[in-house]
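> Any chance you can model this:
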Amino acid sequence: MRGISLYVHLPFCAARCPYCDFATAPASSALRARYLGALATEIAREGAALGRPRLRTIFVGGGTPSLLDPPEVARLDAALRAGFAHRPRPREVTVEANPATLDRARLEAWRELGVTRLSLGAQSLSARGLRALGRTHQPEDVPAAVEAARSLGLRVAIDLIFGWPGQSVGEWREDLDTAVALGPDHLSCYPLELELEPEASIANWPGAGWKGLERWRRTAAACQPDDRGLAVLYAVAQRYLARAGYRHYEISNWAREGSICLHNSTYWRNGPWLGVGAGAHSHLGGVRSCRPVSLARYIGDIERDAPRIVDQGADETVDAAILALRLDTGIDLARFALRRGADARERVARALGATGVVGLVRWSGDRVTLTPRGRILASEVFVQLIP
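Numbers count the residues shown, from 1 in each chain. Down below sits the predicted model:
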């Protein structure tokens, strides 16, 4: 197999953010050592099954990967080197970090693994915003983390959340001002989304379970901006970051020249990737699959060599079209037809020519892209593609 991208999931967190829907677990979990052992086993097994392909990109996400101790990072590094070809080296290796969990020893351990890029979950750069989101770090932790990453020659990405309870347009501009002043290579801006359905990952956390989370989310949802307010905040980011020299290359992502996230671009271009760890998704050979979110079930599956869970309902044509539309380059329908056939092209062209998307998409020959308004209302375009 030619080179692929690899996603590694490390679920451990010092505290649970009440809005988070990812597969997470307490850093003090009694399953931590067993999980890391199962992860090493999965990496070795999957690498061998794929013929030890070279890794184009690696993304270590979570959870809070920056919580791992240096010996744990070294163990992960050894597993990756044993499971996959490392020549040539991956073009990009990203690790996610909580700004308050970085120290020199941890950063140097990640650099030994080959990390080139640090993705900081700042979420807000104001004390009020962090309190509203239930975050445990402080605003001053972010500049310190950026400086530490820069001192080791790493590129820096900053994640922000907008639409938190009570947030004003002025407060959002201040967050953008402060973030841009730090000179990050990449910025991600996500609206606060508060799912009100129970999550599978609750099984990994002791305590109040779903009821406590649901109560927080309902209270927060009642105080956050409505859809029109979120659209205004998104438009502010579009204008502000364009003026600051960032390319809006994906619906939620902006980058300076040469700094787009190569790993995530694999997802948006519907390329091949392997995901390892609890809740991790894969896309290999046109098949989408995942691992269970529960740590106990994940460990059990790896110990008995159970296969990944295949997504039987996946529609490759729809998935490829939606993912491509997220990018500023959109869909080239001529190339789409070459890869997926004339019927797939006609299906997508018909959906994107529907009256329901007037003003939301732009046609230029065979290429279709979202308009600025279409990016704000992307879900209204995507639903046209779903049978």
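> C-alpha from now on. contacts and neighbour counts both.
Will do.
> which residues touch stretch 33-40?
72, 76, 79-80, 276-277, 295, 299, 302-303 (Cα atoms under 8 Å, 6 or more residues apart in numbering).
> I'd like these as TSV, with pLDDT appended.
Shown next, in TSV, are the contacts of stretch 33-40 (pLDDT from 0 to 100):
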residue	pLDDT
72	97
76	97
79	97
80	97
276	98
277	98
295	95
299	98
302	98
303	97
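> Which of these are buried, as a PyMOL select command?
This is how PyMOL selects the buried members of the contacts of stretch 33-40, with burial counted by 16 or more other Cα atoms under 10 Å:
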select buried, resi 76+79+80+276+277+295+299+302
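> Let's see which of the contacts of stretch 33-40 end up in helices.
72, 76, 79-80, 295, 299, 302-303 (DSSP state H).
> ok, those residues vs residue 163, which is closest?
Residue 163 lies nearest to residue 295 out of those, by Cα to Cα, at 31.2 Å.
> Now for the closest one: which residues touch it?
Contact analysis of residue 295 by Cα under 8 Å, 6+ apart lists 25, 31, 35, 204, 278.
> Looking at those residues, which gets the smallest pLDDT?
Least confident entry in the contacts of residue 295, by pLDDT: residue 204, with 91.
> separation between that one and residue 8?
18 Å (Cα to Cα, to the nearest Å).
> Of the two, which one has the most company?
Neighbours per residue, other Cα atoms under 10 Å: of residue 204 and residue 8, the larger number sits with residue 8, 23 against 19.
> In a strand, that one, correct?
Yes: Residue 8: assigned to a strand according to DSSP: H, G, I helix; E, B strand; the rest coil.
> Residue 280 is in contact with that one, correct?
Yes: counting by Cα atoms under 8 Å, residue 8 does reach residue 280; the two are 7.5 Å apart.
> count of neighbours near residue 213?
Residue 213 has 21 neighbours, counted by other Cα under 10 Å.
> so how far is residue 295 from it?
Going from residue 213 to residue 295 by Cα to Cα gives 20 Å.
> isn't residue 56 right next to residue 3, touching?
Yes: if you go by Cα under 8 Å, residue 56 and residue 3 touch, sitting 5.7 Å apart.
> okay, those two: which has more neighbours?
Set residue 56 next to residue 3 and count neighbours by other Cα under 10 Å: residue 56 wins out with 22 against 16.
> Report the rounded mean pLDDT for the helix or strand hosting the more buried one.
Per DSSP states H and E: residue 56 is located in strand 55-62. Here strand 55-62 scores 97 as its mean pLDDT.
> Check residue 200 and give its pLDDT.
Confidence score, pLDDT, at residue 200: 74.
> should've said residue 91
At residue 91, the model reports a pLDDT of 96.
> what's it in contact with, if anything?
56-57.
> From residue 115, how far off is it?
For residue 91, the distance to residue 115 (Cα to Cα) stands at 10 Å.
> How about residue 270?
For residue 270, the distance to residue 115 - Cα to Cα - is 24 Å.
> okay, the two: which has more neighbours?
Higher neighbour count among residue 270 and residue 115: residue 115, with 22 against 19, using other Cα under 10 Å.
> Excluding chain neighbours, what is closest to the more buried one?
residue 93 (4.7 Å; Cα to Cα, 6 or more residues apart in numbering).
> Let me know the secondary structure of that neighbour.
With three-state DSSP as the basis, residue 93 sits in strand.
> before we move on, what about residue 254?
Once three-state DSSP is applied, residue 254 turns out strand.
> rewinding a little: please identify the buried residues of the strand holding residue 56?
For strand 55-62, by 16+ other Cα under 10 Å, it's 55-62.
> likewise stretch 185-205?
For stretch 185-205, burial by neighbour count (16+ other Cα under 10 Å) applies to 185-190, 192-194, 199, 201-205.
> Nearest to residue 236, out of these: which one, please.
residue 189 (11.1 Å).
> Surely the closest one is in a strand?
Yes: counting by three-state DSSP, residue 189 is part of a strand.
> if I pick the closest residue to it other than its chain neighbours, what's in contact with it?
Closest residue to residue 189 apart from its sequence neighbours, by Cα to Cα, 6+ apart: residue 160 at 4.9 Å. By Cα under 8 Å, 6+ apart, residue 160 lies in contact with 121-124, 187-190.
> Give the next helix or strand downstream of the helix-or-strand element of the chain with minimal mean pLDDT.
When each helix and strand of the chain is scored by mean pLDDT, DSSP states H and E, helix 210-223 comes last, with a mean of 91. Tracing the chain C-terminally past helix 210-223 and defining elements by DSSP H and E, one meets helix 227-243 next.
> Buried residues in that following helix, which are they?
Applying 16+ other Cα under 10 Å to helix 227-243 flags 230-234, 236-238, 240-241 as buried.
> Is it possible to get JSON lines of these that adds distance to residue 51 and pLDDT?
What follows is those, written out as JSON lines (distance: Cα to Cα, whole Å; pLDDT from 0 to 100):
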{"residue": "230", "distance to residue 51": "46", "pLDDT": "96"}
{"residue": "231", "distance to residue 51": "46", "pLDDT": "96"}
{"residue": "232", "distance to residue 51": "49", "pLDDT": "97"}
{"residue": "233", "distance to residue 51": "47", "pLDDT": "98"}
{"residue": "234", "distance to residue 51": "44", "pLDDT": "97"}
{"residue": "236", "distance to residue 51": "47", "pLDDT": "98"}
{"residue": "237", "distance to residue 51": "44", "pLDDT": "98"}
{"residue": "238", "distance to residue 51": "43", "pLDDT": "97"}
{"residue": "240", "distance to residue 51": "46", "pLDDT": "98"}
{"residue": "241", "distance to residue 51": "43", "pLDDT": "98"}
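> Contacts for stretch 115-134 next, please.
The contact list for stretch 115-134 (Cα under 8 Å, 6+ apart) reads 17-19, 92-99, 136-139, 142, 149, 153-161, 164-165, 167, 175, 178-179.
> swap in stretch 7-26?
27-28, 32, 58-65, 67, 133-136, 192-195, 199, 201, 204-205, 213, 216-217, 273-280, 293-295.
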